[in-house]
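Visitor: show me the folded form of this:
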Amino acid sequence: MDDKLAAVIAAAPAKVLTEIVKLAQRQGRKGTKGSWKEFLNVYDKKFGSSLSDPGKRPKEALASFLQTFSGEEDSKFVDNVLKSHSSREVLLQIAKEASGDVSPEQRLVHLTLEHPLFMAKYVFPSYEKDWVVTKPCKMSKLVKSDEMLALDCEMVLCEDGTDALVRVCVVDRDLQVKLHEKVNPYKPVADYRTEITGIHPGDLDNVTCSLRDIQKSLKKLLSKGSILVGHGLHNDLLALKLDHARIIDTSLIYKNSVGRVPSLSNLCESILGYKLREEGAPHNCLDDARTAMKIVLAKLKHGVDKETPLLVSNLKSASVQVPDDELARLLVHKIPSAVPTEELRRVFPANFTIELKPLKKGQGKHYSVLAIFKKLREAHEAFQKVDGSIEKDSAGRPQKLVTLVSDSGKTTTVCVRQMVPEDSLQDQQQKRALELEDRGGQKKRKTDQGEAHLKETERLKQELEEKDVKNHCDDHLKEMEKLKQHIRAKDLEIATQDKIIADLKQKLNDAKTTKKGR
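Guide: Numbering: from 1, shown residues only. Okay, here's the model as predicted:
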């Protein structure tokens, strides 16, 4: 790493360095001293990797690790994250200085930028080939511009393990279509995700529109500094390979009562008052783009700073009654295809018996496996004992990033995730406990009378026993008193005998003395 970048790292705030290290962990990046955990084992001889949470490490440790990145790709990664943070801070500072001159639309941009998940989601590898970065508009337009475009995309899984764009929709503030195209990924598709995309094999055979064509169209639409709107927009921008600064992510501008990211369906029902789609129906790219725009317009209408209660029943974290055999599982995902399934047993403590069931997701670079336990309690305990930094996915489900070492000594990272959010699991356990209590209620009522008789019988027996004990105690007390009297008499007798003996000894001594005197 060059000295200039090393100096920038040393000067960066601790919270930024924490985010960079977390991103580096997720991407499996290594410096000259290995991964983050391997580095800690060398850097900190006392605690080593036992304290691996970057947020609990001092700034010096974070900076030292990042300064071990010597590869060009890794240096670009660090530099890009630092630039993204700097751009974000500039936008927030401009808004702060402009104060009342900022448009409501721009304030929603700031709500997105200020969200704790923003850095983790919106730092893109825009330095890589085929990426497009839109040019920022003038500062005067930046704070006052209210032009918005809503975007939604559909992606398929390709055989190389990447997601590829197959459909894109853009609508304006008036919900008029500005762009609606199918896109040919021009590479083999492993999974069309038909239940989501609605696209079947063969649907793209005659499509000539490419990713590059879409990038050109979007760059033109966004040339006037428009704000890009979407739900979970980072997924769309990744598929588009497009880096745009002014965004409103509808998943980040609303707060729900359980503190997690709401789904588009939940926002639609809570804010707009209707269901986005029937259960099981495929996604409609155009409907989703329009819905995201409507949600933003509703936020502007009711007040940017006004909190809107969301329907908890439809949140991703909603309590759904899941069978115990499904809860007694953990999902291991983002597993490199080169890692044999059996090696994943090393992720879990050896005292747990598990069945590993691979999931078929095409022939990509990664695959997933279900770790099936005998009991729900075992799955929960195993997750707690898995060594890794804990976080939550977009649905609020706890997961851990785990480092796996193969027989050859090669290290890789995988994710281990629970099947439902933590509070949903607790809610379900409580519900089942109540169900068992209800089922036992009738049986309990039937035996109440019998139990009352048993208790009365037990009480009478106890009274009799207490009387017996009392009688026995009285007898013992009398006996003890007799013994005490006997002992006192013996003591008196012994004392008298001792006095007689002492008198006799004295007389004997007196007699001896008299005899010698003669």
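Visitor: find the nearest non-adjacent residue to Val405, please.
Guide: Once flanking residues are discounted, Val405 sits nearest to Thr411: 5.3 Å by Cβ to Cβ, 6 or more residues apart in numbering. In short, each C-beta sits where N, CA and C put it, glycine included.
Visitor: point to the residue nearest the middle of the protein.
Guide: Central residue of the chain (Cα atoms, centre = their mean): Lys392, 2.2 Å from the mean position.
Visitor: not counting its neighbours along the chain, what's nearest that residue?
Guide: Pro398 (5.8 Å).
Visitor: quick one: strands adjacent to the host helix or strand of Leu151?
Guide: If you go by DSSP states H and E, Leu151 is part of strand 148-158. According to DSSP bridges, strand 148-158 has the following sheet partners: strand 163-172 (antiparallel), strand 189-191 (antiparallel), strand 227-230 (parallel).
Visitor: just the strands in the stretch 301-450 of the chain please.
Guide: Under the criterion DSSP state E, counting those that start in this stretch, the stretch 301-450 of the chain contains strands at 329-336, 355-359, 366-372, 389-392, 398-405, 411-418.
Visitor: can you check which of the ones you listed gets nearest to Leu297?
Guide: Of all the strands of the stretch 301-450 of the chain, it is strand 389-392 that lies closest to Leu297, at 29.5 Å by Cβ to Cβ.
Visitor: now do that closest one: which elements does it pack against?
Guide: Other helices and strands packing on strand 389-392, by 3 or more Cβ pairs under 8 Å, 6 or more residues apart in numbering; DSSP states H and E, are strand 398-405.
Visitor: partner strands of the strand it packs on, with direction?
Guide: For strand 398-405, pairing defined by DSSP bridges yields strand 389-392 (antiparallel), strand 411-418 (antiparallel).
Visitor: so where's the stretch 301-450 of the chain uncertain?
Guide: Counting by pLDDT under 70, the stretch 301-450 of the chain shows low-confidence ranges at 311-326, 360-365, 393-396, 421-450.
Visitor: name the residues of stretch 113-122 that are buried.
Guide: With burial defined by 16 or more other Cβ atoms under 10 Å, the residues of stretch 113-122 counted as buried are Leu113, His115, Phe118, Met119, Lys121, Tyr122.
Visitor: what sits against the nearest residue to Leu113 once chain neighbours are set aside?
Guide: Residue nearest to Leu113 in three dimensions, not counting chain neighbours: Arg88, with 5.3 Å by Cβ to Cβ, 6+ apart. Under the criterion of Cβ atoms under 8 Å, 6 or more residues apart in numbering, the neighbours of Arg88 are Leu113, Phe118, Met119.
Visitor: can you pull out the helices in the stretch 151-300 of the chain?
Guide: 194-197, 211-221, 233-240, 264-267, 285-302 (DSSP state H, counting those that start in this stretch).
Visitor: out of these, which is closest to Gln176?
Guide: Nearest to Gln176, of the helices of the stretch 151-300 of the chain and by Cβ to Cβ, is helix 285-302 at 9.7 Å.
Visitor: any buried residues in stretch 217-232, and which?
Guide: For stretch 217-232, the buried set under the neighbour-count rule, 16+ other Cβ under 10 Å, comprises Ser217, Leu218, Leu221, Leu222, Gly225, Ser226, Ile227, Leu228, Val229, Gly230, His231, Gly232.
Visitor: so the first one makes contact with Val183?
Guide: No - here Ser217 does not reach Val183: they are 10.7 Å apart, not a contact under Cβ atoms under 8 Å.
Visitor: follow-up on the earlier one: now the strand or helix carrying the residue nearest to Leu113: buried residues?
Guide: With elements taken from DSSP H and E, the one containing Arg88 is helix 72-98. Buried residues in helix 72-98, defined by neighbour count with 16+ other Cβ under 10 Å: 74-82, 84-85, 88, 91, 95, 98.
Visitor: other SSEs contacting the helix or strand that it is followed by?
Guide: Sequence order places helix 104-114 as the next helix or strand after helix 72-98, per DSSP H and E. With contacts taken as 3+ Cβ pairs under 8 Å, 6+ apart, helix 104-114 sits against helix 72-98, helix 139-144, strand 227-230, strand 247-249, helix 285-302.
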